[in-house]
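> Build me a structure from this.
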Amino acid sequence: MPTTKPRLQVTETPELTAALDAVCAKAPEEPRSQVLARLALEGFAARADSEVERRTARLLALHDLTTKFADCYPPGYLEELRKDWDGRP
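Predicted coordinates for the structure are as follows:
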């Protein structure tokens, strides 16, 4: 089919062939090229979801860390510590 969009050539490695065969067995009416495109988009979405999950986990860990030690020092601790520092804030 004519198109103005770039086309890609992909070599079917044994692993890619196995993946395409498995998906095509469940949807035999779908052309392999469309299966490949769908798998690429699903892989991208899964990776994006994974990155969001990792970021969320890091933020939760940081929150836990900051709240865990929040009451270790009394209010005004830093100001008291710095009062003898030659005029530094």
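> which residues sit against stretch 41-57?
Residues outside stretch 41-57 that contact it (CB atoms under 8 Å, 6 or more residues apart in numbering): none. C-beta here means a position set from N, CA and C on the backbone, and glycine is covered the same way.
> and if you look at stretch 10-17?
Stretch 10-17 is contacted from outside by 20, 36, using CB under 8 Å, 6+ apart.
> okay, that stretch in PDB with CA atoms only?
What follows is stretch 10-17, C-alpha atoms only, in PDB (Å, rounded to 0.1, in the frame of the first residue of the first chain):
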ATOM      1  CA  VAL A  10      12.900  -6.000  10.500                       C
ATOM      2  CA  THR A  11      14.700  -9.300  10.400                       C
ATOM      3  CA  GLU A  12      12.800 -12.200  12.000                       C
ATOM      4  CA  THR A  13      15.200 -13.600  14.500                       C
ATOM      5  CA  PRO A  14      14.200 -16.900  16.100                       C
ATOM      6  CA  GLU A  15      12.900 -15.000  19.200                       C
ATOM      7  CA  LEU A  16      10.800 -12.600  17.100                       C
ATOM      8  CA  THR A  17       9.500 -15.400  14.900                       C
END
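> average model confidence for that stretch?
In this model, stretch 10-17 has an average pLDDT of 94.
> what's the answer for stretch 68-85, then?
86.
> Can you tell me which residue is spatially central in this protein?
By CA atoms, centre = their mean, the mean C-alpha position of the chain lies nearest to E51, the distance being 1.2 Å.
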